[in-house]
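Student: curious how this folds, go ahead:
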Amino acid sequence: MNFVLSRIFGEPINKIRNSIFNKNGNELYIEYSSGFWRKSEYDNNGNEIYNEDSKGFWRKYEYDDNGKVIYYEDSDGYWEKSEYDDNGNIIYWENFKGDWIKREYDDNDNRIYYEDSNGYIEGDR
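Tutor: Numbering: from 1, shown residues only. A predicted model of the protein is given here:
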């Protein structure tokens with residue numbers, strides 16, 4: 001069975017109960033006795049980049065070189081994007097409603113500035 005499923009998924013897989021996993025242990029597919037199922041896709045770093053389910057709901061993810069989510073979108077129309085500094089601190093965030101946040105950090109990762117779309121500002125530039 002694993003051989004046939006490996007051909008279908010185009011990579012070595014492992015089936016455990018009602019789930020199918022790739023060689024890295026990422027769940028590619030699961031199906032429940034109720035008929036509900038979910039399938040996922042991963043990038044070369046093992047990050048989930050897409051999933052969808054039997055109800056038609058889907059999610060997309062994009063990552064930076066450090067594995068941090070920089071973009072998320074789903075089938076309900078929600079999306080958000082983020083930017084990070086070299087130390088992994090989130091310095092910008094924005095969503096589908098137009099809400100946004102900007103942050104700055106010093107060399108010790110202390111937040112020294114904050115500003116948001118509601119006009120709130122904290123700290124000096």
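
Student: just give me the neighbour total for the residue nearest to Glu52 when sequence neighbours are not counted.
Tutor: In this structure, Glu52 finds its nearest non-sequential neighbour in Trp58, 3.9 Å apart by C-beta to C-beta, 6 or more residues apart in numbering. C-beta here means a position set from N, CA and C on the backbone, and glycine is covered the same way. For Trp58, the count of nearby residues is 15 (other C-beta atoms under 10 Å).

Student: quick check: pLDDT value at Trp58.
Tutor: Trp58 carries a pLDDT value of 98.

Student: check which helices and strands the helix or strand hosting Ser40 sits against.
Tutor: Assessed by DSSP states H and E, Ser40 sits inside strand 37-42. In this structure, strand 37-42 makes packing contacts with strand 27-31, strand 48-53, judged by 3 or more C-beta pairs under 8 Å, 6 or more residues apart in numbering; DSSP states H and E.

Student: partner strands of it, with direction?
Tutor: strand 27-31 (antiparallel), strand 48-53 (antiparallel) (DSSP bridges).
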